[in-house]
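[1] take this sequence and fold it.
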Amino acid sequence: MKKANTSGSEIFLVGQIAAIISIAAFFYYLKRGDLLLYGDAVAHINIARRVIDSRTPGLLQLGTVWLPLPHLLMLPFLIPKWMWQTGIGGSIPSMLAYVFSVIGVFRLMRTILPSPKDSAGTSVAAWFAAAIFALNPNLIYLQTTAMTEPFYLAFFIWTLVFVCEALRAGATADAKKSTSSLTKAGFCLAGACLTRYDGWFLAVVEAAILFLLSRLSNFAFLRPGVKKLALLAASAPALWLGYNFAVYRNPLEFANGAYSAKAIEQKSIAAGTTPHPGTRDLPVAFQYFFKSAELNLAEGKWQAFWACSLLLGTAIVTLFQRKLWPLLFLWTPVPFYILSIAYSGVPLYVPTWWPFSRYNVRYGIEMLPAFAAFTAVAAYGLIRFAASTRSRLVIALVFLLLVSASYVQVWRKGPDSFEEAVINSRSRIALETAVAARLEFLPLDSTFLMYLGDHVGSVQQAGISLSRVINEGNHRPWKRSADPDGLWERALEHPAAYANYVIAFDSDPVASSANKNELAPLAILRVTDQPQATIYRTLNSNHVR
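    Below is the predicted model:
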């Protein structure tokens, strides 16, 4: 009983420290105006917002490609207009996910390293892993944004926590608790599958391995729980496939539709762009992903320490501490991203290699749990092998100093995920700010026609309700029989009949498809490295509906 209370008090303390870090970082980046640097963060917030703020509101506004759970979790916080405009509404769920992730890392290590003879060492290892995870500069920034990585990490980590609890319960002949833990793991897997496609790969790998394990007589206690885990995990992809079929008549719309990563890459290649590094090349894809993982931990030569710690911890698990084998699930992001980069049109650029830029570097943060856990295992294993107390203290101090020095260097240079957001947002934000400034001078009751897929931040900055903007989300393909064209198509054909103003960006659907005979240019805005923006006034706008 005393041990449980001690563990509970430690978990509470870990949660408090994580909350302090999260809140402090939030106010720091909020003051600097950095919550909405990522274009994807802006898009996530507005996908969620249009569920309640649209000409055609409802859950079908969630669209495709991006999975729905993060948007649904943000939605309650985006109802107040100021929380939508500032991006705060998208930050709050991410911050909560971060806190739960830190607690999860701590609990994972306490669960998987049960050592009655060395409870102090187990506790130190758990604190060390949680600290590596919680103090990572890149994660600290990402958790203040509406990006989906913090959500996924929380589900990913807690899935493993419950799997480890199930195995531990089975070892003590508590089959009921084992089944209960696997059911909880199934819910976490379902959450992961509705957050990022990484979760689909994780679900297949985890369910398959646990199923095979349950066929062994020593692990027969897993069988009832594995069935529940598999059903829960499969329900999420099935739901998304069914949604895409019902709405778009294509269950794989998110994978091969017009807005999928594959389709976007094919359009870029057709326009003359060179395929991204790692295309159809698994070794190169691995190199780029692993380099992004290292960049999320350290700069320059410091990356060697993290790579060695990861490999050493993995070797200790596979060769000497095989009871810790569930930690190997932390490696699942590697094959998933290798395959995604090589065959699914997912680009990833790192500043040290061609094309010497930053794009999707943040994907490497998915390996942070592995670096945290295996570095702690490496330190813990070396300390246990040490012959004297002095040697153990030296090993602990060396690891602590190396981790601290590595993170200090990252803070000095700037977290790569943050730098990626800053560099890639400059011209986009400049254009959206210029457009927003023009829109603020228009009548408050104006209605607009605009494609929101690229520069929705302009209307967000201007505080224009999405219900006043006819956009591609008003296509409503699910009403083909009753509404074969849809509001979006009708407005493109006759903009003067539906909107007061039209906002077009070169090469977007409005610029290419809107009936220009009903439009008069009002303003043309140009920003380097961005498409030209044209604001039109519609003719005969007194017929606006």
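[2] residue 121 touches residue 383, doesn't it?
    Yes - assessed by Cβ atoms under 8 Å, residue 121 is found in contact with residue 383 at 6.6 Å. In short, each C-beta sits where N, CA and C put it, glycine included.
[3] immediately after the lowest-mean-pLDDT helix or strand in the chain, which helix or strand?
    Within the chain, no helix or strand scores below helix 261-270, which has a mean of 81 by mean pLDDT, DSSP states H and E. Note on helix 261-270: by DSSP states H and E, the next helix or strand toward the C-terminus is helix 282-295.
[4] can you list contacts of that next one?
    If you take Cβ atoms under 8 Å, 6 or more residues apart in numbering as the criterion, helix 282-295 is touched by 277-278, 303, 306-307, 333-334, 337-339, 341-342, 348-353, 360-368, 371, 416.
[5] any of the residues you listed buried? List them.
    Among these, those buried by neighbour count (16 or more other Cβ atoms under 10 Å) are 277-278, 303, 306, 333-334, 337-338, 341-342, 348-351, 360-368, 371, 416.
[6] max-length helix in the protein?
    For the chain, the helix with the greatest residue count under DSSP state H is helix 2-32.
[7] list the buried ones in that one?
    Neighbour counts using 16+ other Cβ under 10 Å place 7, 10, 11, 14, 17, 18, 19, 21, 22, 25, 26, 29 of helix 2-32 among the buried residues.
[8] mind giving me the packing neighbours of it?
    Judged by 3 or more Cβ pairs under 8 Å, 6 or more residues apart in numbering; DSSP states H and E, helix 2-32 is in contact with helix 88-112, helix 119-134, helix 137-142.
[9] for the following helix or strand past that helix, packing partners?
    Scanning forward in sequence from helix 2-32 by DSSP H and E, the next helix or strand is helix 39-49. Applying 3+ Cβ pairs under 8 Å, 6+ apart, one finds that helix 39-49 contacts helix 69-74, helix 88-112, helix 416-439, helix 457-462.
[10] switch the cut-off to 6 Å
    Helices and strands touching helix 39-49, by 3 or more Cβ pairs under 6 Å, 6 or more residues apart in numbering; DSSP states H and E, are helix 69-74.
[11] so which bits of the very next helix or strand once past the helix it packs on are buried?
    Next helix or strand after helix 69-74 toward the C-terminus (DSSP H and E): helix 81-86. Neighbour counts over helix 81-86 (16+ other Cβ under 10 Å) mark 83, 84, 85, 86 as buried.
[12] which residues touch the residue nearest to the last one when sequence neighbours are not counted?
    It stands for residue 86. Closest residue to residue 86 apart from its sequence neighbours, by Cβ to Cβ, 6 or more residues apart in numbering: residue 35 at 6.9 Å. With contact set as Cβ atoms under 6 Å, 6 or more residues apart in numbering, residue 35 has these partners: 29, 87, 91, 145.
[13] where exactly do the helices run in the stretch 301-450 of the chain?
    302-319, 333-343, 368-385, 389-413, 416-439 (DSSP state H, counting those that start in this stretch).
[14] in the last one, which residues are buried?
    Read it as helix 416-439. In helix 416-439, counting by 16+ other Cβ under 10 Å, buried: 416-421, 424-425, 428-429, 431-432, 434-436, 438-439.
[15] need the residues that contact that helix.
    Helix 416-439 is contacted from outside by 37-39, 138, 141-142, 295, 358, 361-362, 455, 457-458, 461-462, 523, 525, 527, 529-530, 533, 535, using Cβ under 6 Å, 6+ apart.
[16] these, buried ones only, as a PyMOL selection?
    The buried residues among the contacts of helix 416-439 can be selected in PyMOL (16+ other Cβ under 10 Å) with this line:
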select buried, resi 37+38+39+138+141+142+295+358+361+362+455+457+458+461+462+523+525+527+530+533+535
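[17] what helix or strand does residue 520 sit in?
    strand 519-525.
[18] by contact count, what packs against that strand?
    strand 533-538.
[19] what does the strand it packs on contact?
    For strand 533-538, the external contacting residues (Cβ under 6 Å, 6+ apart) are 435, 438, 495-496, 499, 501-505, 518-525.
[20] and for stretch 493-506?
    446-450, 455, 470, 491, 510-511, 514-515, 518-519, 531-541, 543-545.
[21] buried subset of the residues you listed?
    Buried subset of these (neighbour count, 16+ other Cβ under 10 Å): 446-450, 455, 470, 491, 510-511, 514, 518-519, 531, 533-538, 541.
[22] flag the shaky bits of the chain, pLDDT-wise.
    1-6, 114-119, 476-485, 540-545 (pLDDT under 70).
[23] that older thread, most neighbours among the contacts of residue 35, please name it.
    Highest neighbour count within those, by other Cβ atoms under 10 Å: residue 145, with 30 neighbours.
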